[in-house]
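# I need the structure of the sequence given here:
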Amino acid sequence: MQTIYKTRITKFGSAAFDFMEDKVFVLFGNDAPEDVAEYCLLIELSKVNGEIQKGDLFRLGGKSYTITSVGNKVALNLQQLGHITLQFDGKEDEGLPGTLYLENTAFHKPEIGSEIEIIKK
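Numbering: from 1, shown residues only. Next up, the predicted model:
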């Protein structure tokens, strides 16, 4: 298995977990604008090494989730800004350009320092 992307969570905005009921986390690089950062899991910027595709694995703090769909701007936004939306609803069509859709399953609150990885399956 090839690692396409790897980073870690450095900080949580004060409202980062307000969207858990909607099965959503928002990622943004450490340099996120202050008014946006409060809603985000802040991460270190990292290079995307390959194409992110449906069926690949998204790992959050050691737990793996299958990617069900990839918005057409996910890789670019992730690499340039660290900014994408994670939606745990199992959607299989393309959806929103900056959203990575993950299997509809129970998910957990990560901790500061948790690794985020995307693995080619």
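# all helices for this structure, in order.
34-37, 74-80 (DSSP state H).
# which of the ones you listed is buried the deepest?
When the helices of the chain are scored by mean count of other Cβ atoms under 10 Å, the highest mean neighbour count falls to helix 74-80 (a mean of 19). Glycine gets a C-beta too; all of them are placed from N, C-alpha and C.
# Thr68 against Gly90, yeah?
Yes: A contact is recorded between Thr68 and Gly90 when judged using Cβ atoms under 8 Å, the distance being 5.2 Å.
# intersection of neighbour lists for those two?
Listed as contacting both Thr68 and Gly90 by Cβ atoms under 8 Å, 6 or more residues apart in numbering are Tyr101, Leu102, Glu103.
# thinking again about what came up before, okay, Thr68 and Gly90: which has more neighbours?
A count of neighbours by other Cβ atoms under 10 Å puts Thr68 above the other of Thr68 and Gly90, at 21 against 14.
# what's in contact with stretch 84-104?
For stretch 84-104, contacts defined as Cβ under 8 Å, 6+ apart pick out 23-27, 52, 54, 58, 60, 65-74, 77-78, 83, 105, 107.
# Give me the buried subset of those residues.
With neighbours counted using 16 or more other Cβ atoms under 10 Å, the contacts of stretch 84-104 contain these buried positions: 23-27, 52, 58, 60, 65, 67-71, 74, 77-78, 83, 107.
# Inside strands: which ones of those?
Cross-referencing those against strands under DSSP state E gives Val24, Phe25, Val26, Leu27, Phe58, Leu60, Tyr65, Ile67, Thr68, Ser69, Val70.
# Quick one: residues contacting the fourth one.
Okay, so that is Leu27. Leu27 makes contacts with Cys40, Leu41, Leu42, Ile43, Leu78, Gly82, His83, Ile84, Thr85, Leu86, Ile116, as judged by Cβ under 8 Å, 6+ apart.
# If I look at the residue sitting nearest the centre point of the chain, what pLDDT would I see?
Taking Cα atoms, centre = their mean, the centroid of the chain lies closest to Leu86, which sits 4.7 Å from it. At Leu86 the predicted local distance difference test score is 98.
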